[in-house]
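Student: have a look; sequence and predicted model below, questions after that.
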Amino acid sequence: MFVARALGMSLVNPLVQLTFAFAPAIAGYAVRKWVTREGFGDAGLAPRLRAAWPHYLAAWLGPWALLGASLAVAAAAGLWQPSLAPLGDVVPGLPGWGLVLALLLVVPLLTPVYWGEEFGWTGYLRLRLLPHRPVLSTVLTGLVWAVWHYPLAFLGYIEFDNVALGLLVWTVSFLFQEFLLSWLRIRGGSIWLPSLAHAGNNMVLSLLAGALLTGGAGLGVMAVTLITAVPMAVLTAFIVLSGRFSAARASAGPR
């Protein structure tokens, strides 16, 4: 990221993004193939479309539900006056309804891009960090994943008014996301499920919440991040406290 910026390249350049987006996958492949030589038996590479289709539906539409819940939180707190008009400004010439339809189609197409991160984080690291303590393993993986993104806050990709506080809120958001992504991986048995949900989190939840709450309501990036974390926190608490996350032991990797 720093080298790309030093060369005068924008971090929104697809070539730059793909370079570091696939770094976790490259690392995960290298370790499985040449370091531990454990292979790919628990990598979850099979799509399992027929068996896991309800989870694919949740991964595809879940970010839209989280977006709606986030907007409800903002409206209830008096921070946002319901209006979808700013969606028409996201892509010049494309009306809001057109943007929604486009994202419904684009998110599945972008799933292989986000597989680059998920194959490394949820598909390998979470399975190997304290494998028999799935909750703590997920917390540690979420922390590593968050820190891996920290350079973006110092290179102009994301701007916080208070960087230290902003990174703290961002880290909490990553932790909740990692729990949701891990749950999809555990329950559906495929790494493609969190990859699809990851694409939706970025292209639906983050993008549209930013457009509506930053552009439409004038909220800062940190406030938007905190608002979107609220429904994720509620869902994470439900998954963990209800015992649904205990199935992680079944796919925790080699003993």
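Tutor: Yes, it's here. Just so it is clear, the model here is predicted, and its values are computed rather than measured.

Student: how many residues are close by residue 170?
Tutor: Per other C-beta atoms under 10 Å, the neighbour tally for residue 170 reads 23. (Glycine included, C-beta is placed from N, CA and C.)

Student: my read: it touches residue 146, true?
Tutor: Yes: proximity of residue 170 to residue 146 meets the contact threshold set by C-beta atoms under 8 Å, at 6.5 Å.

Student: where are the low-confidence patches of the stretch 151-255 of the chain?
Tutor: Counting by pLDDT under 70, the stretch 151-255 of the chain has low-confidence residues at 246-255.

Student: which residues are common contacts for residue 170 and residue 146?
Tutor: By C-beta atoms under 8 Å, 6 or more residues apart in numbering, residue 170 and residue 146 have no common neighbours.

Student: list the buried residues for stretch 78-92?
Tutor: 79-80, 86-88, 90 (16 or more other C-beta atoms under 10 Å).

Student: nearest to residue 166, of those?
Tutor: Minimum distance to residue 166 across the buried residues of stretch 78-92 is 17.4 Å, recorded for residue 79 (C-beta to C-beta).

Student: for residue 184, see how far away residue 48 is.
Tutor: Distance, residue 48 to residue 184, using C-beta to C-beta, to the nearest Å: 12 Å.

Student: geometric centre of this protein: which residue is closest?
Tutor: In the chain, the residue lying closest to the centroid (C-alpha atoms, centre = their mean) is residue 198, at 3.8 Å.

Student: on the three-state scheme, that residue is what?
Tutor: Taken by DSSP: H, G, I helix; E, B strand; the rest coil, the conformation at residue 198 corresponds to helix.

Student: which secondary structure elements does the lengthiest helix in the chain sit against?
Tutor: Scanning the chain for the helix with the most residues, using DSSP state H, yields helix 49-76. Counting by 3 or more C-beta pairs under 8 Å, 6 or more residues apart in numbering; DSSP states H and E, the packing neighbours recorded for helix 49-76 are helix 96-118, helix 163-188, helix 192-200, helix 207-209, helix 221-241.

Student: so of the ones you listed, which one's packed in deepest?
Tutor: Stretch with highest mean neighbour count among those: helix 192-200 (a mean of 29; mean count of other C-beta atoms under 10 Å).

Student: got the contact list for it?
Tutor: Residues outside helix 192-200 that contact it (C-beta under 8 Å, 6+ apart) are 44, 47, 52, 55-56, 58-60, 62-64, 107-108, 110-115, 117-119, 122-123, 177, 180-182, 184-185.

Student: could you give the angle of that helix to helix 49-76?
Tutor: Calculated by axes from the mean of the first three to the mean of the last three C-alpha atoms, to 10 degrees, helix 192-200 forms an angle of 30 degrees with helix 49-76.

Student: tell me the angle of helix 192-200 relative to helix 163-188?
Tutor: Angle of helix 192-200 versus helix 163-188, following the same axes, to 10 degrees, is 150 degrees.

Student: pull helix 192-200 out as PDB, backbone CA atoms only.
Tutor: Listed next in PDB are the C-alpha coordinates belonging to helix 192-200 (Å, rounded to 0.1, in the frame of the first residue of the first chain):
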ATOM      1  CA  TRP A 192     -17.300 -18.800  -0.900                       C
ATOM      2  CA  LEU A 193     -20.100 -17.900   1.600                       C
ATOM      3  CA  PRO A 194     -18.000 -15.400   3.600                       C
ATOM      4  CA  SER A 195     -16.500 -14.200   0.400                       C
ATOM      5  CA  LEU A 196     -20.000 -13.300  -0.900                       C
ATOM      6  CA  ALA A 197     -21.000 -11.700   2.400                       C
ATOM      7  CA  HIS A 198     -17.700  -9.700   2.400                       C
ATOM      8  CA  ALA A 199     -18.400  -8.400  -1.000                       C
ATOM      9  CA  GLY A 200     -21.900  -7.300   0.200                       C
END
